[in-house]
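Visitor: Next come a sequence and a model predicted from it.
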Amino acid sequence: MRIATWNINSVRMRLDLLLRLIDERQPDVICLQETKVVDADFPLAPIVERGYAHTHIHGMKSYNGVAILSKHAFESNDVQHWCGRQDCRHALARLPGGVELHCVYIPAGGDIPDPAVNDKFAHKLQFLDEMTEWFRSNRSPDQPMILVGDLNIAPLESDVWSHKELLGVVSHTPVEVEKLAAMQASAGWVDAVRHFVPPSEKLYSWWSYRARDWAVSDRGRRLDHIWVTPPLADRLRGQAILREARGWEPKPSDHVPVLVDLDL
DNA sequence: ATGGTGGCTTAGCCA
């Protein structure tokens, strides 16, 4: 089974690029973040037409929004709310075989890495704490689960273009990295991409729109992740981060798709 | 130190 995750930054603006991802990679399941559209306006028809008959969409006006698009029927699906908000950041589905798949969009956290003066950063930290506690209390590392999405944190030094220069930049600050590690420990999550790529190797999944030339400056960060619980770790067969998608015409997302293959 | 770009919605928010 091939699973893809992509912060698409508007599914309507980039529908053609989604169809390109489908044509080129044929994922069994595609998880999207930042769909930025209410469910009634989600462009489902061309997606269903290409074999993704089972869809679980959870969107809102303007911001956020997640979706799970699948060639295989779900046994069930659900959504989660965090921090007392209903802002469409977490959808889940039970895949054939009882594998629970979580599609998550963690808040970006604003610019100032201080929860006392930046409500967005406080929200991000609380979101991480609540998810961590939920997995600890409601799930077990023994259960086959997959968690994917834009986690908006680059945990390793090699997940950013400059560890030193980004230590004080939201997405790579020690407090976020620690909380992400706690969340990872909450269900024994294994980083499926780093399962194949050693920490000595730089890996990015996002490059800012603001760079003059994203490919030349290459100031990226690995914000998009795929995690699996231990029962699935030895089922992992491969990974791909589609760097080339950052240059997809006419208008690329600032994030690229991340994929893993699993023998389920 | 600042500004750089992009999407949604329509001047400002969010990333």
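Guide: Structure's in. What do you need?
Visitor: Around DNA strand B, which positions in chain A sit nearby?
Guide: Within chain A, the positions adjacent to DNA strand B are A:9-10, A:12-13, A:36-37, A:61-63, A:107-108, A:110, A:120, A:152, A:209-210, A:251 by CB under 7 Å from any atom of the strand. Backbone N, C-alpha and C define where each C-beta goes, glycine included.
Visitor: Which members of those are classed as buried?
Guide: In the residues of chain A next to DNA strand B, burial by neighbour count holds for A:9, A:36-37, A:107-108, A:110, A:152, counting by 16 or more other CB atoms under 10 Å.
Visitor: mind giving me TSV with those residues and columns for distance to A:Ile146 and secondary structure?
Guide: Converted to TSV, those look like this (distance: CB to CB, whole Å; DSSP: H, G, I helix; E, B strand; the rest coil):
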residue	distance to A:Ile146	secondary structure
A:Asn9	23	coil
A:Lys36	24	coil
A:Val37	24	coil
A:Pro107	21	coil
A:Ala108	23	coil
A:Gly110	29	coil
A:Asn152	19	coil
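Visitor: which two from these end up farthest apart in space?
Guide: A:Val37 and A:Gly110 (23.4 Å; CB to CB).
Visitor: Kindly state the beta-bridge partners for the spatially most central residue of chain A.
Guide: What sits nearest the mean C-alpha location of chain A, by CA atoms, centre = their mean, is A:Gly149, with 1.2 Å. For A:Gly149, the beta-bridge partners are A:Val104, A:His225 (DSSP bridges).
Visitor: Do a quick rundown of the strands in the stretch 1-150 of chain A.
Guide: Secondary structure of the stretch 1-150 of chain A (DSSP state E, counting those that start in this stretch): strands located at A:2-7, A:29-33, A:54-58, A:66-70, A:76-79, A:90-95, A:99-105, A:145-150.
Visitor: mind checking how far the longest one is from the chain centre?
Guide: Taking CA atoms, centre = their mean, to the nearest Å, the mean C-alpha location of strand A:99-105 is offset from the chain mean by 9 Å.
Visitor: Not counting it itself, show me its contacts.
Guide: Outside strand A:99-105, the residues that touch it by CB atoms under 8 Å, 6 or more residues apart in numbering are A:3, A:5, A:7, A:29, A:31-34, A:64-68, A:88-95, A:131, A:139, A:143-152, A:232, A:264.
Visitor: Write the ChimeraX selection for whichever of those are buried.
Guide: Restricted to buried positions by 16+ other CB under 10 Å, the ChimeraX selection for the contacts of strand A:99-105 reads:
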select /A:3,5,7,29,31,32,33,34,64,65,66,67,68,88,89,90,91,92,93,94,95,131,139,144,145,146,147,148,149,150,151,152,232,264
